[in-house]
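Student: need a 3D model of the following:
(one chain, ligands or ions: 2)
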Amino acid sequence: MSAGSPQRLLWRDVRVFDGLCELAEPMAVLVEDGRIAWLRPMAGLDEAAVAGAREAGRGGVLTPGLVDCHTHLLFAGDRADEFAQRLQGVSYAELARAGGGILATVRATRAASEEQLLAAARPRLQALLADGVTTLEIKSGYGLTVADELKLLCVARRLGEELPVRVVTSLLGAHALPPEYAGNSDAYIALVCEEMIPAAAAEGLADAVDMFCEAIAFAPEQCARVFAAARRHGLPVRVHAEQLSNQGAAALAARHGALSADHLEYLDEAGVQAMAAAGSVAVLLPGAFLDLGAVRRPPIELLRRHGVPMALASDANPGTSPLYLPTLLLHLACTLFHLSPDEALAGMTVHAARALGHDDFGRIAAGQRADLCLWDVARPAELAYAVQAGRLRQRVFGGAITYA
Ligand code: NIG
Ligand code: FE
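Tutor: Numbering: from 1, shown residues only. Ligands and ions are numbered 1, 2, ... in the order given. All right, here's what the predicted structure looks like:
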């Protein structure tokens with residue numbers, strides 16, 4: 001890895017995927033002081049306009065840096081034993097009811113120190129960076145006490161300070177019911193609303209509040225309480241919705257102005273309409289769909305028809321999506337959900353940024369932050385078509401070449 005400082009950098013003769021589509025002509029792209037200054041066709045390029053710029057790259061495909069907008073990257077232990085049990089036919093819900101699943105990871109994560117969590121997460125994050133990620137969201141959700149949830153959010157912030165990547169955090173206190181609250185889920189939701197959210201907001205540790213609305217997790221009325229508490233503390237909301245059944249959670253979240261609703265296999269048309277009206281992004285998670293052997297696909301055609309932006313994320317987590325190769329998710333979104341390669345790439349760039357509440361990165365356009373990837377492929381669609389590590393030639397974060 002070589003570090004560079006922000007300066008005037010020029011890429012020549014690159015095929016550009018700008019966040020929505022591939023531009024027709026080979027382009028030149030100029031970056032100045034960490035932002036994209038302009039992009040112009042190579043044909044007839046005015047050499048005077050690029051005098052003094054350092055030539056940073058030539059040829060290949062330039063995309064916005066990838067944005068992984070839904071991850072559970074911070075945890076201790078692993079669930080390889082449960083993976084084997086699921087292969088024998090035990091379901092995810094059965095494992096959860098028997099105290100495994102998320103709660104198995106909670107036990108290991110509570111016992112881990114910040115340093116141990118950092119050490120465990122570093123190689124996972126390095127894998128994401130090596131495959132083009134420049135921004136990622138990291139959720140808490142494996143602590144489920146005030147102190148342990150804050151510990152996870154602190155470690156997420158530390159990862160963002162340590163490595164050249166933008167980390168956006170979500171407090172996912174309402175991920176599962178911890179054993180000490182068994183039979184008393186309303187009291188746990190009160191803890192989330194009255195202690196966790198206020199503490200995370202006061203310490204500036206959470207950029208959003210997320211929760212899991214499902215028969216094996218929390219009910220819609222409890223979601224509504226969490227969303228209201230988030231609003232009182234100035235935090236936007238997101239939701240794990242309609243993954244295993246239709247709870248109406250995406251529509252409920254949309255009424256609370258949700259940035260996104262994620263998973264969505266059981267989303268119905270009313271939910272799609274509510275999301276469209278609120279401007280919520282649909283975050284598709286083909287890794288969890290694949291690993292759980294799900295059969296029902298999210299309603300892609302309805303989402304398209306109602307103009308709901310579709311983002312795409314790894315959902316990297318130890319239970320349902322232990323996948324740390326973002327470009328594999330591009331491929332899975334195409335093969336499993338029938339997205340086009342352009343839709344998949346847009347889902348990990350411009351729409352993913354929007355799911356995080358940002359519009360100043362995720363596109364290649366003048367004024368955008370210079371978070372870019374230069375790939376050794378001939379056309380952008382190849383990134384979704386072939387599953388192959390090692391195609392990233394350069395990774396640019398805030399105008400600095402951080403991986404080449
Ligand atoms: O997004 N749906 C709930 N949460 C995670 C799974 C977490 C786990 O199993 O550890 C998800 O799939
Ligand atoms: Fe998730």
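
Student: quick check: the residue of the stretch 301-404 of the chain nearest ligand 1.
Tutor: Among the residues of the stretch 301-404 of the chain, residue 319 lies nearest to ligand 1; the distance is 2.5 Å by C-beta to the nearest ligand atom. (Each C-beta comes from the backbone N, C-alpha and C, glycine too.)

Student: pLDDT value on the residue in the chain sticking out farthest from the centre, please?
Tutor: Distance from the centre of the chain peaks at residue 48, with 40.2 Å (C-alpha atoms, centre = their mean). In this model, residue 48 is scored at 94, pLDDT.

Student: please apply the same query to residue 24.
Tutor: If you check residue 24, the pLDDT there is 96.

Student: what helix or strand is it on?
Tutor: Under DSSP states H and E, no helix or strand contains residue 24.

Student: how many residues are close by it?
Tutor: Per other C-beta atoms under 10 Å, the neighbour tally for residue 24 reads 9.

Student: contacting residues for it?
Tutor: By C-beta atoms under 8 Å, 6 or more residues apart in numbering, no residues touch residue 24.

Student: please report the distance of it from residue 43.
Tutor: Separation of residue 24 from residue 43 (C-beta to C-beta, to the nearest Å): 11 Å.

Student: can you check residue 29 too?
Tutor: In this view, residue 29 and residue 43 are 15 Å apart by C-beta to C-beta.

Student: and if you look at residue 155?
Tutor: From residue 155 to residue 43 the distance is 49 Å (C-beta to C-beta).

Student: picking up where we left off before, and the residue farthest from the centre of the chain, how close does it get to residue 34?
Tutor: Applying C-beta to C-beta, the value for residue 48 to residue 34 is 23 Å.

Student: repeat for residue 339
Tutor: Distance of residue 339 to residue 34, computed by C-beta to C-beta: 31 Å.

Student: and if you look at residue 25?
Tutor: To residue 34, residue 25 is 26 Å away according to C-beta to C-beta.

Student: between the two, tell me which one has more neighbours.
Tutor: Set residue 25 next to residue 34 and count neighbours by other C-beta under 10 Å: residue 34 wins out with 17 against 10.

Student: identify the residues contacting the closest residue to the more buried one other than its chain neighbours.
Tutor: Once flanking residues are discounted, residue 34 sits nearest to residue 399: 3.6 Å by C-beta to C-beta, 6 or more residues apart in numbering. Applying C-beta under 8 Å, 6+ apart to residue 399 gives the contacts 6-7, 9, 31-35, 369-370.

Student: which phi and psi does residue 399 have?
Tutor: phi 90, psi 0 (degrees, to the nearest 10).

Student: can you tell me which residues in the stretch 1-150 of the chain are near ligand 1?
Tutor: Contact residues, the stretch 1-150 of the chain versus ligand 1 (C-beta under 6 Å from any ligand atom): 72, 101-102, 105.

Student: the residue of the stretch 301-404 of the chain closest to ligand 1 reaches residue 92, doesn't it?
Tutor: Yes. Between residue 319 and residue 92 there is a contact at 7.3 Å, judged by C-beta atoms under 8 Å.
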